[in-house]
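>>> fold the following and give me the result.
(chains A and B)
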Amino acid sequence: MEPFTPDSSAARPAKLIVEGVSKWFTSRAVVQALDDVSLTIAEGEFVCLIGPSGCGKSTLLDIIAGLTKPDTGRVLADGRTVEGPGRQRLVMFQESALFPWLDAFGNVMFGLKLRPDLTNAERKEIAHHYLKLVGLEKFEHAHVHELSGGMKQRVALARALAPDPQVLLMDEPFGALDAMTRDQLYDDIQGIWMESRKTIVFVTHNVREAVCLGDRVVLMSPSPGRIQQVFRIPLPRPRDINSPELAGHASRIAAALKGTRMEAASE
Amino acid sequence: MKRIAVALLFFALLIGLWELAVRSGRWSAVLLPSPIFVGEYIWGALLDGTLVESTWVTLKRLLIGYAAGVLIGLPLGLLTSTSQLFEDTLGALSLGFQTLPSVCWVPLALVWFGQTEGAMLFVVIMGTVWSVIIATDHGARNIPPIYARAARTMGSEGFHKWTRVILPASLPFLVSGMKQGWAFAWRSLMAAEIYVTILTGFGLGHLLHYGRELNAMEQVIGIMIVIVVIGLVVDRALFSPWENFLHRRWGTNVRQT
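Numbers count the residues shown, from 1 in each chain, chains lettered A, B, ... in the order given. Below you'll find the model as predicted:
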């Protein structure tokens, strides 16, 4: 399958364009994390990046966020080169990156306070709104450590959504959660996405998760990180992670994923 | 209530043992005065105002020196934690000076400042500032990098990042650093007061020193007790609320009762 097949989403304007991005890391030896990666993501599209560990999917997300600079190539957001992090592309991290010195409400307010165009009353209203959206209106003043893992990631989601970014970058946000909590969050995130139509790039190593959430699933292969194959998931939404149709797509991708691992091992 | 009762009982027992030791007659009453005698001294010194005045003089020096030490040490510690250059230079210097017992600053202070308040302050600041630098540096380095990354994506940079993210994130380390700084300041000041004879104010260290010169052991032991009590009270009054706040927020050290 070609990575760049023309499709319905191509009719929509491109939100993010990754152009020939390569990245090397120097620790004990020089390791190439990404090799000439190109990807176009349409506005309002939900794209999942998947691959074995070491395939550079998190690095790619960092580069899109502007937290890491690519060694070659560039990332365009709305046609402009990404030079650094910006409010238009907020990141929700793997582990809870909530600030323990603030309560749930204070965490959601953090990003809002950095928006000079809002009045304080508006900020508070927005923070209440998003905490309610993720079902935590009763826990606004809870300390971070008092929240369960799932609740923490809900607060993190509210914090990322509140400043109204156009792009949401999610780095294995549900990796550390139990299956039941995750299933609930899949419903929530699909609901929020269908309503807000934000562009979402979602990094995961869980095939079913990727199929459940993504319009497209981008499979990456390791050492060096490359785009191996792109799968379109034409299933209607909201999707149930336990449905048989979804399992069919998942097994196809899982087989391809196994191939990338075998390749990496034989090299 | 029960915990207070247990603590009180413990101290009563300790004093009882002390009194028993005195009554056994094994040691000369000049070397080991009875706790009653010591109590009488403290009471008398309280009534005639010497104790209150000396405590005030000492605490004033301590607070000024400590505040200066923290105000100098905090930004320098942040500096050494972020810059390789400052880490290799100022950081190494701080580590070296932190190991130097603060009483070692006394001869230098005497030569440079003479028998003045300046000498006292110098010793206290030198005793405090290095440990504050090191604690702050340590604190800022131990912040999970994910906090700074998350803050950056939300548009927090520069001054905002330092005051709203790095500083609060390192609070738990800063508190222990400032507590350590406090203990160092207290020790330094006592060393300074014992060794620097000064006419501009008679502190607790001086009372201790003259107690020895007058061979008044009840005064020596009495002042030692006062110093211990002040240390305890300051710890409880100044640092405990802060530490409790941190434990509540961070969810650390929650005792299940």
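
>>> not counting sequence-adjacent ones, nearest residue to the residue in chain A positioned nearest to chain B?
Residue nearest to chain B within chain A: A:His145 (2.7 Å; C-beta to the nearest C-beta). To be clear about C-beta, it is placed using only N, CA and C from the backbone, and glycine gets the same treatment. Leaving aside its chain neighbours, A:His145 sits nearest to B:Gly251 (2.7 Å; criterion: C-beta to C-beta, 6 or more residues apart in numbering or on different chains).

>>> can you count the residues close to that neighbour?
Applying other C-beta atoms under 10 Å in any protein chain shown, we find 14 residues neighbouring B:Gly251.

>>> that one contacts A:Lys152, correct?
No. Counting by C-beta atoms under 8 Å, B:Gly251 does not reach A:Lys152; the two are 11.7 Å apart.

>>> so A:Gln228 belongs to a strand, correct?
Yes. Assigned with DSSP: H, G, I helix; E, B strand; the rest coil, A:Gln228 falls within a strand.

>>> and it, how far from A:Phe202?
Going from A:Gln228 to A:Phe202 by C-beta to C-beta, to the nearest Å gives 17 Å.

>>> compare these two (neighbour count), which wins?
Set A:Gln228 next to A:Phe202 and count neighbours by other C-beta under 10 Å: A:Phe202 wins out with 26 against 20.

>>> name every strand pairing with the helix or strand hosting that one and say which way it goes.
Element membership of A:Phe202 [criterion: DSSP states H and E] is strand A:199-204. Strand A:199-204 has its sheet partners listed here by DSSP bridges as strand A:46-50 (parallel), strand A:167-171 (parallel).

>>> quick check: next helix or strand after that strand?
Using DSSP H and E, the next helix or strand after strand A:199-204 towards the C-terminus is helix A:207-213.

>>> other SSEs contacting that following helix?
strand A:46-50, helix A:179-196, strand A:199-204, helix A:244-266 (3 or more C-beta pairs under 8 Å, 6 or more residues apart in numbering or on different chains; DSSP states H and E).

>>> looking at the ones you listed, spot the one closest to A:Trp24.
helix A:244-266 (17.8 Å; C-beta to C-beta).

>>> can you give me how far the closest one is from the chain middle?
Centre-to-centre, helix A:244-266 and its host chain are 20 Å apart (C-alpha atoms, centre = their mean, to the nearest Å).

>>> looking at the residue of chain A closest to chain B now. What's its pLDDT?
A:His145 is assigned a pLDDT of 88 by the prediction.

>>> wait, isn't it in contact with B:Leu246?
No. Under the criterion of C-beta under 8 Å, A:His145 is not in contact with B:Leu246, lying 11.3 Å apart.

>>> next, count neighbours for the spatially closest residue to A:Lys113 that is not a sequence neighbour.
Distances taken as C-beta to C-beta, 6+ apart place A:Arg123 nearest to A:Lys113, at 6.5 Å, with adjacent residues excluded. Counted with other C-beta under 10 Å, the neighbours of A:Arg123 add up to 19.

>>> again, but for B:Pro107
Neighbour tally, B:Pro107, other C-beta under 10 Å: 10.

>>> ok, now how distant is it from B:Val123?
Counting by C-beta to C-beta, the separation of B:Pro107 from B:Val123 is 10 Å.

>>> go on, B:Pro172?
For B:Pro172, the distance to B:Val123 equals 29 Å [C-beta to C-beta].

>>> got it, and A:Val211?
Taken as C-beta to C-beta, the span from A:Val211 to B:Val123 is 69 Å.

>>> in three-state terms, label A:Gly175 for me.
Following three-state DSSP, A:Gly175 is assigned to coil.

>>> next one: phi and psi at it?
Here is the backbone geometry of A:Gly175 (degrees, to the nearest 10): phi -60, psi -40.

>>> residues near it, how many?
A:Gly175: 15 neighbours (other C-beta under 10 Å).

>>> ok, the spatially closest residue to it that is not a sequence neighbour to B:Gly155 distance?
Nearest non-adjacent residue to A:Gly175, counting by C-beta to C-beta, 6+ apart: A:Gln94, 5.9 Å away. To B:Gly155, A:Gln94 is 21 Å away according to C-beta to C-beta.

>>> do B:Gly44 as well
From B:Gly44 across to B:Gly155, the span is 64 Å (C-beta to C-beta).

>>> between the two, which is the more surrounded one?
Comparing B:Gly44 with B:Gly155 by neighbour count (other C-beta under 10 Å), the higher total belongs to B:Gly155, at 20 against 14.

>>> check the residue lying closest to A:Pro13 once chain neighbours are set aside and give its pLDDT.
Once flanking residues are discounted, A:Pro13 sits nearest to A:Glu43: 5.3 Å by C-beta to C-beta, 6+ apart. In this prediction, A:Glu43 carries a pLDDT score of 92.

>>> for A:Glu43, give me phi and psi.
When read as degrees, to the nearest 10, the backbone of A:Glu43 gives phi -60, psi 130.

>>> also A:Pro222?
Torsion angles, degrees, to the nearest 10, at A:Pro222: phi -90, psi 170.

>>> and if you look at A:Ile41?
Dihedral angles of A:Ile41 (phi, psi; degrees, to the nearest 10) stand at phi -120, psi 130.

>>> leaving out chain neighbours, which residue sits closest to it?
Excluding the flanking residues, the one nearest A:Ile41 by C-beta to C-beta, 6+ apart is A:Leu16, at 4.2 Å.
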